[in-house]
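[1] dropping the sequence and predicted coords here.
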Amino acid sequence: MPAVEVRGLTVRYGPPGTPPAVDDLHLAAEPGEVLVLLGPNGAGKTSTVETLEGYRRPAAGDVRVLGLDPAVDHARLTGRVGVMLQRGGVYPMLGPRRVLDLFAAYYADPVPTDELLDLVGLRAVAGTPWRHLSGGEQQRLSLGLALIGRPEVAFLDEPTAGVDPEGRIAIRRTVADMKEGGVCILLTTHELGEAEKLADRIAIISHGRLARAGTPRQLLAGGPDTAPGHPDAAGSGPSATPVVTFGGPPGIDAAALAGAVGPDTSVVESTPGRYRVDAGPGIAAPAVTAAVATFLADRGATLTDLAVGKSLEEIYFETVGVSAGRNDEPPAGAPVPTGTRARVGRGRPGRRARRGSAR
Amino acid sequence: MSATQALRERAPTPPLRPLLAQTGAELYMTLRRGETLLLTLGIPVVFLLFFSKVNVVSTPGTTPADFFVPGILALAVMSTAMVSLGIATGFERGYGVLKRLGSTPLGRPRLLGAKIVTIVAVELVQAAVLLPVGIGLGWSPGGGGMPAVAAAVGAVLLGSTAFAGVGLLMAGTLRAEVNLAAANGLYLILLLLGGMIVPISKLPAAVQDVAKLLPAEALSAALHATLGHGSAPPVESWIVLAVWAVAAPVAAALTFRWE
């Protein structure tokens, strides 16, 4: 039995007929798994998580946490589920130690306060009132509160938002610790790097719908697209030919490199010094990397950061951008601000303009 | 498999532990907030001393202390149960604390229980400070004996319930900052119309009719009778208090938004 199951979830913040914040979403996560909901602001991530936490009821569809309905069986779940809200949720007057001690009293078998203070790295500020903590420290305290009751499922809404690099490491360490203990973790983020580092599986959400899902490796390899019903699935499916990205000196001759790799290959300088090679049919990845390395070596240039496959960022913008282009006229009051759509959709044609291709 | 299931079997939390911890936290925060102490102890003590000693408000038919001690006790109850509770709860709602607590095993009954115990505890502290000050000012409880004391305690409990309902009604529906202003505004109005400092007989007749329907006037009338004259509270005070003590909490429960 999955620890978390979402079947056809639709969430609406108005009367029937208003555009849904979440639209027929399907997800599942197993114990010991970290599922990351990735998507732009307003994609429906928080609405999904808050439905799973029992704060809202679905307009349609069905959610299950540990086999129970979180709205109906709320009292039976509170001892088994850990929650980290997107912000706030802590008495501003109380310091981490007092808050942790208080929350510990709510649970039958809490994690000792000192252990938690060390785990989330707050021992030095254990007596500082919450309102005087930095944003990152507040987030880490919230995370500590989410796992104090030794939950079987943890919902973490934007745990790394506004957190400094040191705090991010503490949060990653904590999430890894929970996962090791068999906790099913569902966390939301709009930060690609965090998603890639934390996730066992990533579900990219766009306009309340599941746009793509898979392990980071699967997503980077271009498949499998586990949202077959999605209208975008056909257009962005697995690509048969290798994609290679690398760094080098800015302004190398893209057309010449494309010719060196082989027929029907295109080379794009996406940002100065960053290149992307889309190899033509029948050219294997090792041949592409060898050609690139030779090409640069012949010109006395240093090759850096070579990667085979698309970056998660590319996949993400393809996915979110393509969805954005589909329903270009959002109804009034749609949950996603139109500015986001426009920004996501742009930028790609500009890149094509710099493309050099070999025929 | 059986090992995992054994791990998953959870002992239930002892029911009193969350309540005690929550009560401790509520008391700690209440007593650490300077503005709360000013409201619940500072202002009542200053008002009691000032109005008993400085003859700005005449108290026909009774000594100043015999009038102001019951009146200020009623004010103290209102400060604690309505203003202090309402403002704190409003901010807890605004900060997302109530929402966060909703996902813990604490539960609403125990959260409410902790707040009730906290109100009673603060009121005991208020009585422990105000009554000796009153005695020092020459207050004599009127000789009503145990029946009068029991009636006064009953009136305080009903009044606390009514005021807490009004405070939570505002805290659960208004934005935290609006709630702060509204609670303070209502406090001033009820202070002036409640017969706590200004005897109600000095108000215009039409205003008196309205004031007598308010929980503030009902409580102060009951305390003036029991702790000033040593007599039983007027029946209409009981009725007004009882109606407010039922209606306000019910309205709060029906309209309260947790986030």
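    Good, I have the coordinates.

[2] which parts of chain B are helices?
    Along chain B, the stretches classed as helices by DSSP state H are B:2-8, B:16-32, B:34-37, B:43-53, B:64-78, B:85-94, B:97-101, B:108-136, B:145-171, B:176-193, B:205-211, B:215-223, B:235-255.

[3] ok, of the ones you listed, where does mean pLDDT dip lowest?
    Least confidently modelled of the helices of chain B is helix B:2-8, at a mean of 42 by mean pLDDT.

[4] element containing A:D305?
    strand A:304-308 (DSSP states H and E).

[5] count of residues packed around the nearest residue to A:R97 once chain neighbours are set aside?
    When the adjacent residues along the chain are set aside, A:R97 lies closest to A:A126, with 4.2 Å between them (Cβ to Cβ, 6 or more residues apart in numbering or on different chains). (C-beta placed from N, C-alpha, C; glycine too.) Number of residues near A:A126 (other Cβ atoms under 10 Å in any protein chain shown) recorded here: 16.

[6] one more: A:L116?
    Quick note: A:L116 (other Cβ under 10 Å) scores 25 neighbours.

[7] over to A:G61?
    17.

[8] mean confidence (pLDDT) on the helix or strand hosting it, please.
    Using DSSP H and E, A:G61 maps to strand A:60-65. Strand A:60-65 comes out with an average pLDDT of 94.

[9] go on, stretch A:136-150?
    pLDDT averaged over stretch A:136-150 gives 94.

[10] if we can go back for a sec, now find how far off-centre the strand holding A:G61 is within its chain.
    When C-alpha coordinates are averaged (Cα atoms, centre = their mean, to the nearest Å), strand A:60-65 and its chain have centres 21 Å apart.

[11] residue closest to the middle of the chain?
    Because you didn't say which chain, this covers chain A. A:L38 (3.0 Å; Cα atoms, centre = their mean).

[12] the chain in question should be chain B.
    Among the residues of chain B, the one closest to the centroid is B:A81, at 2.3 Å (Cα atoms, centre = their mean).

[13] who's in contact with the closest residue to B:V210 other than its chain neighbours?
    In space, and not counting its chain neighbours, B:V210 is closest to B:L193: 7.3 Å by Cβ to Cβ, 6+ apart. By Cβ atoms under 8 Å, 6 or more residues apart in numbering or on different chains, the contact set of B:L193 is B:200, B:203, B:207, B:210-211, B:214, B:216-217.

[14] name the nearest of these relative to chain A.
    B:A216 (29.3 Å; Cβ to the nearest Cβ).

[15] tally of neighbours for the closest one?
    Residues near B:A216, counting by other Cβ under 10 Å: 29.

[16] and what of B:H229?
    For B:H229, the neighbour count with other Cβ under 10 Å is 17.

[17] give me the phi and psi for the residue nearest to it when sequence neighbours are not counted.
    Leaving aside its sequence neighbours, B:H229 sits nearest to B:G142 (Cβ to Cβ, 6+ apart; 5.0 Å). Here is the backbone geometry of B:G142 (degrees, to the nearest 10): phi 90, psi -10.

[18] ok, then the element right after whichever strand or helix holds A:A195?
    Using DSSP H and E, A:A195 sits within helix A:192-198. Tracing the chain past helix A:192-198, the next element assigned as helix or strand by DSSP H and E is strand A:201-206.

[19] relative to strand A:201-206, how tilted is the helix or strand just after that following strand?
    Remark: after strand A:201-206, the chain's next helix or strand is strand A:209-214, criterion DSSP H and E. Counting by axes from the mean of the first three to the mean of the last three Cα atoms, to 10 degrees, strand A:209-214 lies at 160 degrees to strand A:201-206.

[20] partner strands of strand A:209-214 and their direction?
    The strands that strand A:209-214 pairs with in its sheet are strand A:201-206 (antiparallel) (by DSSP bridges).

[21] just give me how far the partner strand sits from the chain centre.
    6 Å.

[22] cool, stretch B:74-83 as well?
    Going by Cα atoms, centre = their mean, where stretch B:74-83 is centred and where its chain is centred differ by 4 Å.

[23] which residues touch that stretch?
    B:39-40, B:43-44, B:47, B:119, B:122-123, B:126-127, B:130, B:156, B:159-164, B:166-167, B:183-184, B:186-187, B:190-191, B:194, B:196-197, B:216, B:219-220, B:223.

[24] still on that earlier bit, the residue nearest to B:H229 and B:A232, how far apart?
    Using Cβ to Cβ, to the nearest Å, B:G142 is found at 11 Å from B:A232.

[25] and those two? which has more neighbours close in?
    Neighbour count, other Cβ under 10 Å: between B:G142 and B:A232, B:G142 has more, with 18 against 15.

[26] the one residue in the stretch 151-259 of chain B that gets nearest to chain A: what's it in contact with?
    The stretch 151-259 of chain B approaches chain A most closely through B:E259 (7.6 Å), counting by Cβ to the nearest Cβ. Going by Cβ under 8 Å, 6+ apart, B:E259 touches A:55, B:93, B:96, B:98-99.

[27] dihedrals phi and psi, residue 172?
    Chain wasn't specified; assuming chain A. According to degrees, to the nearest 10, A:R172 has phi -60, psi -40.

[28] wait, chain B
    phi -90, psi -10.

[29] residue contacts, it?
    Neighbouring residues of B:G172 by Cβ under 8 Å, 6+ apart: B:89, B:93, B:252, B:255-258.

[30] now with 7 Å, please.
    Listed by Cβ atoms under 7 Å, 6 or more residues apart in numbering or on different chains, the contact partners of B:G172 are B:93, B:252, B:255-257.
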